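A.B. asks: quick one, structure for this:
(chains A and B)
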Amino acid sequence: MKHANAKILIADDEQAITSGLSAILADEGYAIDIAPDGQKALERLAEERYGVILADLKMPKLDGLSLLRELQSKQIPTECIIITGQATVDSAVQAMQQGAYDYIEKPLNADKLNRLKALIPKALEKFNVQQKNRELTSRLEGLTHYGELTGQSEAMRSVYQIIDAVAPSNASVLILGESGTGKELVARAMHAKSERSKGPFFALNCAALPKEILENELFGHEKGAFTGSTNEKPGAFEMASGGTIFLDEVAEMSPDIQVKLLRALETRQVRRLGGKKEISVDIRIVAATNKDLQKAIAETELREDLYYRLAVVEIVLPPLRERTDDIKLLADEFLQRYASQNGKQITDFDTAAWDWILSYHWPGNVRELKNAVERSVIMARGDTISVSDVMPRHLRAAGEVPTSVTIQVGSSVNDARRQLTLRTFASTGGDLVRTAKLLGTSPDEVRRDVMGLLSDSAAPAGNGEEVSNGKHTLPEFVPTGRPTAPAKKPLPKKR
Amino acid sequence: MTSPVSSAPINGGASTVEALWLETLGALCSRAAHEIKGALNGVVVNVEVVRSRSEKPEVTGASLHQYAQSASGQLDAVIVMTEAMLALTRPARRPLALAQTVRNVEALVGASARADDKQVEMQGVVDSLGSTSADADVARLVIGAAFIAAVDASSDVLCSAAPGTDAAVLCWECRGGESPGCPSMDTAVISLAAAEGIDVRRDGPRLSITFPR
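C.D. replies: The predicted model follows:
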């Protein structure tokens, strides 16, 4: 039995009912405990974990509804099934509104008992799922790394949670996200967490190859299938059998290949080019794209049926600008990695560099940040990295600055204010007075916001404020002859 | 200190007695209803255990005994409460048998009181109360109302009796609870009792009713 030995608590003051009910449920394989009133039930639930509690509405000391309220307020994990007489159906409805799993009306005749027997496994299933979620959430709390992924923001924790939940299954997964957000890392993490982890992980970029070559790569060919094919060659599906195949930029596939891919997904069989026999494959498909899929489907670039086959589960990777909490973590990590790789004794970014890193909108996402840090490590001469080291050349040459700030839903008011302050501060070339004027606040407040954000990353140089020509600037923020803020122009997409 | 509870007879006669009795009977039945349903549920659940387990060849009859006995015990409780309820819904017999009436009322009030963790004790001497010459409907009404008042006033009630030649005295002593105090009866019931020569007295937590022979 699926929920054998699951623990159930019966809370009822009528001994004849509790003994009979416990015998019936014990026969179903459950471990039963009895509480003669609501208060005792609450005490038991505080001591032990019960997947389900069957509670009578009318009980001495603490009735069923009050017990339910206590369970809610004390956040005691269990699923409550209320047992009620017909006269109290209204109360049972009220109990449902207060979070009871379900209710059963008395008398508990054979039909009602059968309904109860059917309800309990479902309630236990819900309890188990929620229990797993609770464990996962507490495990992910404070987690900064997941596989090769780095991030501790709420958005990334949600991604980790989905990967954890989906990895053990065979469901196809579609990863959506801008270029450079780490889609392949998600696919690798999913493979590593799955039961296929001992099998191969095969990644293929569908946009990088011409149609004929992509088809050959995916499905393979038989000897003599086309001019020059002197040997047979298994395709990616065959090579990834027993493991996971990752199809990046899947929306770039030609319609012909999309049809073949759809067939392979449906039948789990492929036929090599020039081949006659069907070859069975045991694969899990993880696909990714940075395209607007609704638009791609509307413009018939992507088959709708293929989309539904691929997107059994969708994972949306947030762009780096929407997970500003992670920028510092990532920048620190890249700094250590590349300093070590290049044999340099670089310990940190200076204050102005941090300011730029944290306020830039990173259109190329983590990949752009990684490249920027790697370049800055190579270019840096001292033991800290300055803004001129980290800022890409094309931004240094341009004078445009970003005029908008993306604030994620759920961000705190303080975070939102700090982002706005930093971006405005960067756009003024580090002019505290002008920033304060634009924001309608005081230079001191601007300085506090800027320094507050930077204090986690680097101690401000000197007193953190200098006055020159009426400008309050942070030291080192305005390199002579160089624009001080990032340009709006995005980096070309890398493929 | 004893204080006689008496007031002028109220007007209305039989229709008032009937209305007050229906009200009292309703209170008695609604208190017992939950207990009857509870006991019936006990019967159903335990019979279901016997039924489902007896289908299994490895189960012995002895292992079912506990559940059969539990169902039987619950059925007995249902029978007692149902018979008491039916007896009280019938027209009162004249002269009224006081002991049987007290027992019937106790079967209904006592079951629900005990379910609420209250103590209701009946002294055996109650059974020798005999009958009263007072109007049977009024006497029955007074017993029902007095029992409800006593149980509502206390978590521990002792019902005793003093059968005499000229009169029969029924007494409820409220022993427990935070403020067992005084069981309070409807003044209309007290007035009807007085008109029939039934004396209702309250002495602190003690309520006594004297019925004429």
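
A.B. asks: for chain B, list the residues in contact with chain A, please.
C.D. replies: Taking CB under 8 Å from any CB of the partner chain as the test, the list of chain B residues beside chain A reads B:33-34, B:37-46, B:48-49, B:51-53, B:66-67, B:70-71, B:73-74, B:115-117. C-beta coordinates here come from the backbone N, C-alpha and C atoms, glycine included.

A.B. asks: hmm, residue A:264 and residue A:270 touching each other?
C.D. replies: Yes. Counting by CB atoms under 8 Å, residue A:264 is a contact partner of residue A:270 at 5.0 Å.

A.B. asks: what touches both of the two?
C.D. replies: Counting by CB atoms under 8 Å, 6 or more residues apart in numbering or on different chains, the shared contacts of residue A:270 and residue A:264 are A:219, A:237, A:281.

A.B. asks: mind checking which of these land in strands?
C.D. replies: Within these, no residue falls in strands by DSSP state E.

A.B. asks: top of those residues by number of neighbours, please.
C.D. replies: Neighbour counts for these (other CB atoms under 10 Å in any protein chain shown) peak at residue A:237, which has 27 neighbours.

A.B. asks: so what's that one up against?
C.D. replies: Residues near residue A:237 by CB under 8 Å, 6+ apart: A:218, A:219, A:220, A:245, A:264, A:270, A:279, A:281, A:283.

A.B. asks: quick one: neighbours of the closest residue to chain A within chain B, just the number.
C.D. replies: Nearest to chain A, among the residues of chain B, is residue B:42, at 2.9 Å (CB to the nearest CB). Other residues lying near residue B:42 total 27 when counted by other CB under 10 Å.

A.B. asks: show the contacting residues for it.
C.D. replies: With CB under 8 Å, 6+ apart, residue B:42 has these contacts: A:14, A:16, A:17, A:20, B:70, B:71, B:73, B:74.

A.B. asks: state which helix of chain B is the longest.
C.D. replies: Longest helix in chain B, counting residues (DSSP state H): helix B:13-54.

A.B. asks: what's the closest residue in space to residue A:304 that isn't next to it in sequence in contact with, if anything?
C.D. replies: Among residues not flanking residue A:304 along the chain, residue A:297 sits closest, at 5.1 Å (CB to CB, 6 or more residues apart in numbering or on different chains). Neighbour list for residue A:297: A:303, A:304, A:307 [criterion: CB under 8 Å, 6+ apart].

A.B. asks: alpha carbons of stretch B:127-135, as CSV, please.
C.D. replies: Presented in CSV, the C-alpha positions along stretch B:127-135 are these (Å, rounded to 0.1, in the frame of the first residue of the first chain):
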residue,chain,number,x,y,z
ASP,B,127,-37.0,4.8,43.0
SER,B,128,-39.2,4.6,46.1
LEU,B,129,-40.8,8.1,45.5
GLY,B,130,-44.2,6.8,44.6
SER,B,131,-46.8,9.1,43.0
THR,B,132,-48.3,12.5,43.5
SER,B,133,-51.9,13.7,43.6
ALA,B,134,-50.8,17.0,42.0
ASP,B,135,-51.7,17.6,38.3
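
A.B. asks: A strand includes residue A:265, no?
C.D. replies: No. Read with DSSP: H, G, I helix; E, B strand; the rest coil, residue A:265 is helix and lies in no strand.

A.B. asks: can you report how many residues neighbour it?
C.D. replies: Residues within reach of residue A:265, counting by other CB under 10 Å, total 17.

A.B. asks: how about it, what does it touch?
C.D. replies: Residues in contact with residue A:265 (CB under 8 Å, 6+ apart) are A:172, A:285, A:306, A:309, A:310.

A.B. asks: for residue A:245, see how far away it is.
C.D. replies: Distance, residue A:265 to residue A:245, by CB to CB, to the nearest Å: 10 Å.

A.B. asks: swap in residue A:271?
C.D. replies: Residue A:271 is 16 Å from residue A:245, by CB to CB.

A.B. asks: ok, residue B:75 to residue A:172 distance?
C.D. replies: Per CB to CB, residue B:75 is found 60 Å from residue A:172.

A.B. asks: return the subset of the shared contacts of residue A:270 and residue A:264 lying in helices.
C.D. replies: Using DSSP H, the shared contacts of residue A:270 and residue A:264 in helices are A:219, A:237.

A.B. asks: near chain B, which residues of chain A show up?
C.D. replies: Looking at chain B, the residues of chain A close enough under CB under 8 Å from any CB are A:13-14, A:16-17, A:19-21, A:23-24, A:27, A:58, A:60, A:85, A:87, A:106-110, A:113.

A.B. asks: just the ones of the residues you listed in helices?
C.D. replies: Short answer: those in helices (DSSP H) are A:16, A:17, A:19, A:20, A:21, A:23, A:24, A:27, A:110, A:113.

A.B. asks: which strand or helix spans the closest residue to the third one other than its chain neighbours?
C.D. replies: Read that as residue A:19. Distances taken as CB to CB, 6+ apart put residue B:70 closest to residue A:19, at 6.2 Å, once the chain neighbours are dropped. Residue B:70 belongs to helix B:61-89 when assigned by DSSP states H and E.

A.B. asks: circling back to that earlier point, any of the residues of chain B next to chain A buried? List them.
C.D. replies: B:33-34, B:37-46, B:48-49, B:53, B:67, B:70-71, B:73-74, B:115 (16 or more other CB atoms under 10 Å in any protein chain shown).

A.B. asks: can you list the weak-confidence ranges in chain A?
C.D. replies: Counting by pLDDT under 70, the ranges of chain A that qualify are A:1-4, A:86-89, A:138-142, A:393-404, A:429-430, A:451-495.

A.B. asks: ok, the residue nearest to residue A:19 touching residue A:17?
C.D. replies: No. Assessed by CB under 8 Å, residue B:70 is found out of contact with residue A:17, at 9.4 Å.

A.B. asks: which pLDDT value belongs to residue B:132?
C.D. replies: Residue B:132 carries a pLDDT value of 90.

A.B. asks: sounds good, over and out.
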